[in-house]
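# here is a sequence together with a model predicted from it:
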Amino acid sequence: MRYAVLLFLVFTTCCARRTPPADFAKLSEEAVYKLLSFSPVNASSQGLHKWNGEDFDVELDDLSARSIQKQRDYLIDLHRRLAAFDKNALTPEDRADYDIIDYQIGLSLFDMDVSRSSQHSPQSYVELIGSALFNPFVLEYAAKEDRYRHIIARMEKVPHFIDVARRQLRGIPPIWAQVAREENQGNIDLISNTLRAGVPAALKADYDAASGPALDALRSFDRFLDMVSKGKRADAPGLRDTVNGSANFDWRLGAEQYGTKFQLALATASTPNEVLADAEARLKEVRTRMLEISLPLHATWFAGHGNHDDLKGVERENAVVREVLDHIAQDHSTPASYMDDARKYLEEARSFVQAKNLLTLPAGNNLQVIPTPEFERGIYGVAGFNGAPALEPQLGAFFWVTPIPPDWPKERSDSKLREYNAYQMRLIVIHEAMPGHYVQAEFANNVQPKARRVLRAVFGNGPYVEGWAQYVTQVVLDEGFMDHSPELRITLLKQELRVDANAILDIRLQTNRMTDQEAMDLMEKSTFQEHEEAVAKLQRAKLSSTQLPTYFVGWRDWLRVRELVRQTRGAGFNLRDFHDAALKEGAVPLPVLARLLTGKTL
């Protein structure tokens, strides 16, 4: 079954009898809600609380082998019915939805047949439990007592859910077990402290009765993960196929499988090798530009020892740029002020975007800045955005900022604070919130009809989403944020180096063309990243695949779409109108966005 998805994806789309285009909306709506129903936790978090007699608020996902096969059968049938349409006869918006559904079918089958996350990824189980319990706590979709009843009902199902995980998991890469264990500790703390502190008095006894077995199951899972993370054998009752480190599964996809997932996840015509060559060339260009901006700053700040003319090429670039970046990094928050400074930068960015009229800002102010949930910190080591539910946008959105742990040694916390200094944190705020992902999500929550809104929110295109945040950060600086500060511009160029490196890391690591040390050298020596940041990014590259290149591919393609629209509209081009029109479509693949806005392809 390993390569079944590859055969399926090239299955002919010919059909003896075509389905009328008018029937597509019905199939699309069915597919959206059916696919969402396979994950009750995700469905509930998107505002779909009940559907076809199911109450998603009290359920956990079923990741058993039988359920996975049921989902696979539906996806194959859905592809057959989708292929019965002549997509060229559909309206432009229906054609866009067709493409999104088609890519999602391929990605889901790839996960089931090739990646097999339900068998190898313990963090997928851990993060699902965290989301299942945390979302009802922070999303006020019902009265507090009702939401706690949902939390309790889900906690009661945790022991069985962990039993399923232990039966299914095998061949776990130790790094995956290590991160899952760290996030699992976050779930234990969530139940033991955060949720317990808010339990309504009338439900305290029920909470205690459910939390005891749930915590026992999570602690047992923690011991299991601890053994695996250390590369030891993890024999356990009911465990199917003894786990022994990564003997049966490699976190690297390999060239062939990576190439397939790359096309499905990014919806791009470019191959991994083409993107790799582009990113490596771009990295050199950006370093040259950084040196140009650094030299006058260096002459001012380090007049006492000259501009390193005794060095040549890369060595001189590194010496000059590193000293300038180190000087810039001295302006940073303290662990205590980190969160408040992020809130201050958010208001600063909002005022600028409004003054420059870069796009139509959301009418409300429903964004909350909160600490990143502990069970998500394996991926979101710095910050992240969690949008409002697609079906209940009034509930608001969250800008997560990961605080500096109080038990970190000073050297480690200082390293992170230097990396995420006052300038870098401003860029993070622009990227994640204003006018990045938050504004993007607010536009998307107005897409109609509702089924289309959910489709493009839940199964949206990664390069569109991440590319927008990178692209619009450049726009904000181009428009004069902080009075064209050279310190901010060189920090953005450093961030662009990181985007280039993200693509290089993912492609080379996943296709087994880079060692850990080579990855660290790329980040620390070629892209000026602090050691703490580089360690976290290397871990992230091993936890996911094809996500890191979305920033590079998306940023590049957003600029290409803008240029295509500019050429099409000529003197009538307006930046604000372009942004509004592009964001109103929701997260469609960028080649599709170009087609929707201009009738042309990239």
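Great, that's in hand.
# please enumerate the strands of the stretch 251-400 of the chain.
If DSSP state E, counting those that start in this stretch is used as the criterion, the strands of the stretch 251-400 of the chain fall at 367-371, 383-386, 397-401.
# quick one: closest of these to residue 274.
With Cβ to Cβ, the closest approach to residue 274 among the strands of the stretch 251-400 of the chain belongs to strand 383-386: 29.1 Å. Just so you know, the C-beta spots here come from the backbone N, C-alpha and C atoms, and that holds for glycine as well.
# ok, the closest one: who's next to it in the sheet?
strand 397-401 (antiparallel) (DSSP bridges).
# immediately after the partner strand, which helix or strand?
helix 410-419 (DSSP states H and E).
# can you tell me what sits against that next one?
326, 329-330, 332-335, 338, 382, 404-405, 408, 529-533 (Cβ atoms under 8 Å, 6 or more residues apart in numbering).
# buried ones among these?
Neighbour counting with 16 or more other Cβ atoms under 10 Å marks 329, 332, 333, 335, 338, 382, 404, 529, 530, 532, 533 as buried within the contacts of helix 410-419.
# identify, from those residues, the entry nearest to residue 449.
residue 382 (36.2 Å).
# right, and that closest one touches residue 420 too?
Yes: counting by Cβ atoms under 8 Å, residue 382 touches residue 420, with 6.1 Å between them.
# low pLDDT regions in the chain?
Applying pLDDT under 70 to the chain flags the ranges 1-17, 231-248, 378-379.
# which stretches of it form strands?
Per DSSP state E, the chain carries strands over the ranges 50-51, 54-55, 233-234, 243-244, 367-371, 383-386, 397-401.
# mind putting the ones you listed into CSV with distance to residue 550?
Output for these, formatted as CSV (distance: least, Cβ to Cβ, whole Å):
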stretch, distance to residue 550
strand 50-51, 30
strand 54-55, 32
strand 233-234, 34
strand 243-244, 31
strand 367-371, 22
strand 383-386, 14
strand 397-401, 18
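# and the strands of the stretch 251-400 of the chain: which comes nearest residue 188?
Closest approach to residue 188 among those is made by strand 367-371 (16.8 Å; Cβ to Cβ).
# can you tell me which helices and strands the closest one packs against?
Secondary-structure packing of strand 367-371 (3 or more Cβ pairs under 8 Å, 6 or more residues apart in numbering; DSSP states H and E): helix 338-356, strand 397-401.
# export these to a markdown table and tack on distance to residue 268?
Output for those, formatted as a markdown table (distance: least, Cβ to Cβ, whole Å):
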| stretch | distance to residue 268 |
| --- | --- |
| helix 338-356 | 29 |
| strand 397-401 | 28 |
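# closest to residue 87 out of those?
Nearest of the helices and strands packed on strand 367-371 to residue 87, taken as Cβ to Cβ: strand 397-401 at 33.0 Å.
# can you check what angle separates the closest one from helix 338-356?
Orientation check (axes from the mean of the first three to the mean of the last three Cα atoms, to 10 degrees): strand 397-401 against helix 338-356 gives 130 degrees.
# ok and strand 397-401 relative to strand 367-371, angle-wise?
Interaxial angle, strand 397-401 versus strand 367-371 (the same axes, to 10 degrees): 30 degrees.
# ok, residues contacting strand 397-401?
138, 338-339, 342, 346, 366-373, 376, 380, 382-388, 429, 432-433, 438, 441-442.
# buried ones from the residues you listed, can you make that a PyMOL selection?
In PyMOL syntax, the buried subset of the contacts of strand 397-401 is picked out as below (16+ other Cβ under 10 Å):
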select buried, resi 338+339+342+346+367+369+372+373+376+380+382+383+384+385+386+387+388+429+432+433+438+441+442
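# ok so, going back, among the buried ones among the contacts of helix 410-419, which one sits closest to residue 314?
Comparing the buried ones among the contacts of helix 410-419 against residue 314 with Cβ to Cβ places residue 529 closest, at 16.1 Å.
# wait, the closest one sits on residue 535?
No: with contact defined as Cβ under 8 Å, residue 529 and residue 535 do not form a contacting pair (9.6 Å).
# right, and the strands of the stretch 251-400 of the chain - which one's nearest residue 295?
Residue 295 sits nearest to strand 383-386 of all the strands of the stretch 251-400 of the chain, at 31.4 Å, using Cβ to Cβ.
# pull the residues that contact that closest one.
Here strand 383-386 makes contact (Cβ under 8 Å, 6+ apart) with 342, 372, 376, 397-402, 428, 432-433, 436-438, 441.
# tell me which two of those sit farthest apart.
402 and 441 (19.7 Å).
# in the protein, where's the longest helix?
Among the segments of the chain that qualify as a helix by DSSP state H, the longest is helix 272-301.
# and residue 171, its phi and psi?
Torsion angles at residue 171 (phi, psi; degrees, to the nearest 10) stand at phi 60, psi 40.
# surely it and residue 251 touch.
No: at 10.5 Å, residue 171 does not count as touching residue 251 under the criterion of Cβ under 8 Å.
# before we move on, back to that, which among the strands of the chain is found nearest to residue 275?
Of the strands of the chain, nearest to residue 275 by Cβ to Cβ is strand 383-386, at 23.8 Å.
# how about the CA coordinates for the closest one, as PDB?
Written as PDB, here are the backbone C-alpha positions of strand 383-386 (Å, rounded to 0.1, in the frame of the first residue of the first chain):
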ATOM      1  CA  ALA A 383       5.100  32.900  18.000                       C
ATOM      2  CA  GLY A 384       2.100  31.800  15.900                       C
ATOM      3  CA  PHE A 385      -1.400  32.800  14.800                       C
ATOM      4  CA  ASN A 386      -4.600  30.900  15.600                       C
END
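# can you report how many residues lie near the residue nearest to residue 566 when sequence neighbours are not counted?
Leaving aside its sequence neighbours, residue 566 sits nearest to residue 573 (Cβ to Cβ, 6 or more residues apart in numbering; 4.6 Å). Counted with other Cβ atoms under 10 Å, residues neighbouring residue 573 total 14.
# try the one 5 residues further on
Here the number of neighbours of residue 578 (other Cβ under 10 Å) works out to 17.
# which residue ranges of the stretch 401-550 of the chain form helices?
Using DSSP state H, counting those that start in this stretch, the helices of the stretch 401-550 of the chain run over 410-419, 422-432, 437-444, 450-458, 462-478, 486-510, 516-521, 531-543, 549-569.
# out of those, flag the one nearest residue 79.
Nearest to residue 79 among the helices of the stretch 401-550 of the chain is helix 450-458; the distance by Cβ to Cβ comes to 15.8 Å.
# flag every buried residue along the closest one.
For helix 450-458, the neighbour count (16+ other Cβ under 10 Å) marks 451, 452, 453, 454, 455, 456, 457, 458 as buried.
# now do stretch 437-446
Under the neighbour-count criterion of 16+ other Cβ under 10 Å, stretch 437-446 has 437, 438, 439, 440, 441, 442, 443, 444, 445 buried.
# would you map out the domains in this structure?
Following automatic domain parsing, the chain resolves into domains at 120-244, 338-598.
# give me the neighbour count for the residue nearest to residue 276 when sequence neighbours are not counted.
Distance criterion Cβ to Cβ, 6+ apart; nearest residue to residue 276, sequence neighbours excluded, is residue 507 at 4.7 Å. Residues near residue 507, counting by other Cβ under 10 Å, number 28.
# surely residue 507 and residue 278 touch.
No: in this structure, residue 507 is not within contact of residue 278 by Cβ under 8 Å, at 10.7 Å.
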